[in-house]
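A.B. asks: I would like to see how this sequence folds:
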Amino acid sequence: MLVRPLVGAVAALHAMRDAMTENRRPAPEFDIPGRPPGVPSARVGGASAAESATDAELSALTLLTNRTSTRTSASGGPALPLRDGVRVYLEGLPDDAAAAYATPVADLAEAEVAVLRVDAPRGTRIADDDADRVLDIAAAIPTIVVLRVEGPCPAPEFTDECAALLVDLGAPDQTVLDVVFGRHAPLGRLMFPLGPAHEPEFPAGFGLAY
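C.D. replies: A predicted model of the protein is given here:
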């Protein structure tokens, strides 16, 4: 795949972001169960889940991939959790809330990492414009995708290009940021498979932790 130079792509990416934001759907609401059996506590670095996120909210976030990214991680290993103060380009999450953890930037060229919230329609592929935008950004800088799903759907085509991939079943913005920046661990396990029913890339019950 040909990748456009970063500087020439920034304006186009911002225009695509603005167009997609105008049509973005509200987060779906789910009856999320409590912490699944065998899932570790939500404590990370001594923080209690009761401080800013419930176990039910944390169970709405499932970590599917978490690749090594020494440029952005708090541990110097896997991409998540991100280190505090990192310069972050955001789509689908509020800059003002993220400012409590990091340094939000509006210009992709100034960012060290991108965190993108992307909608995945039930039963269909992600829109080509959304997928292309993620691929372009991921080719430029480490990219965390928070995939907001409504039900079973194909695994996204950008899975292998992302530094980390989280599935979101309607978690509040604050909970998403708490997980991305390591205040809490994701507790989710997939309630349905992602990918072909006969051989899904991520089967029901799958979920990583940190």
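A.B. asks: Tell me the spacing between Leu166 and Thr175.
C.D. replies: Remark: distance between Leu166 and Thr175 (CB to CB, to the nearest Å) = 11 Å. C-beta coordinates here come from the backbone N, C-alpha and C atoms, glycine included.
A.B. asks: okay, and the common contacts of the two?
C.D. replies: Leu61 (CB atoms under 8 Å, 6 or more residues apart in numbering).
A.B. asks: out of these two, which sits in the busier spot?
C.D. replies: Leu166 (27 against 23; other CB atoms under 10 Å).
A.B. asks: so which strand or helix has Thr175?
C.D. replies: Using DSSP states H and E, the element containing Thr175 is helix 173-180.
A.B. asks: which residues touch that helix?
C.D. replies: Contacts of helix 173-180 (CB under 8 Å, 6+ apart): 52-53, 57-58, 60-61, 80-82, 93-94, 97-98, 100-101, 115, 117, 144, 146, 166, 168, 171, 183-186.
A.B. asks: And for stretch 151-163?
C.D. replies: 64-67, 69, 72, 79-80, 113, 118, 120-126, 131, 134-135, 138-139, 142-145, 147, 165, 192-197, 200-202.
A.B. asks: again, only this time at 7 Å
C.D. replies: Residues outside stretch 151-163 that contact it (CB atoms under 7 Å, 6 or more residues apart in numbering) are 65, 67, 69, 79, 120-126, 131, 134-135, 138, 142-145, 147, 165, 192-195, 201-202.
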